[in-house]
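Colleague: Next input, structure requested:
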Amino acid sequence: MGTPKEKFERVSMTLPVKLTDAEMVMRGKAAAESARELYHLEQAAKDSAADFKEKVKAVEKEQKRLLGEVLSGEEDRLVECEVEYVVQEAKAVVRRLDTNKEVITRAMTRDELDAHRQGQLFAIEGGAADVAETGGQDA
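Modeller: The predicted structure follows:
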């Protein structure tokens, strides 16, 4: 019997291989492109997150408003009011026309006092005051 023959078999394995200069340049360009794409994706994600955050805030604001209205049983609406000018006391009383309730009493503004002095603002005893649209003259 002779010595057994050695047998060889070819196989492929993933092992480190030194890159050529041309391969290094190609990899550098590919890495730069990848970095640019990553930057754009991150920017898009930030923009998307900002849009999403704005939408969430808008819904939260609406929810807060609705909950406030449900809890209070009221909502703010545009209501017709009248202003009574009490010139002797230099004050203006604002009343709702739908309920005739006083909303606020405040000091007359300088413009209101000047308008009264110039005859453009007429205080009505025990009633509402109007600013004449005709400049204090009859239409």
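
Colleague: Now do the strands in the chain.
Modeller: In chain order, the chain shows strands spanning 81-86, 91-96, 102-107, 121-122, 130-131, with DSSP state E as the criterion.

Colleague: Include distance to residue 31, mean neighbour count and mean pLDDT when you put those into a markdown table, please.
Modeller: C-beta: built from backbone N, CA, C; applies to glycine. Output for these, formatted as a markdown table (distance: least, C-beta to C-beta, whole Å; neighbours: other C-beta atoms under 10 Å; pLDDT from 0 to 100):
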| stretch | distance to residue 31 | mean neighbour count | mean pLDDT |
| --- | --- | --- | --- |
| strand 81-86 | 70 | 17 | 94 |
| strand 91-96 | 70 | 16 | 95 |
| strand 102-107 | 69 | 12 | 96 |
| strand 121-122 | 77 | 18 | 58 |
| strand 130-131 | 74 | 14 | 39 |
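
Colleague: Would you format those as a markdown table with distance to residue 27 included?
Modeller: As requested, these are exported to a markdown table (distance: least, C-beta to C-beta, whole Å):
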| stretch | distance to residue 27 |
| --- | --- |
| strand 81-86 | 76 |
| strand 91-96 | 76 |
| strand 102-107 | 75 |
| strand 121-122 | 83 |
| strand 130-131 | 80 |
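
Colleague: The ones you listed: which one's closest to residue 73?
Modeller: Ranking the strands of the chain by proximity to residue 73 (C-beta to C-beta) places strand 91-96 first, at 17.1 Å.
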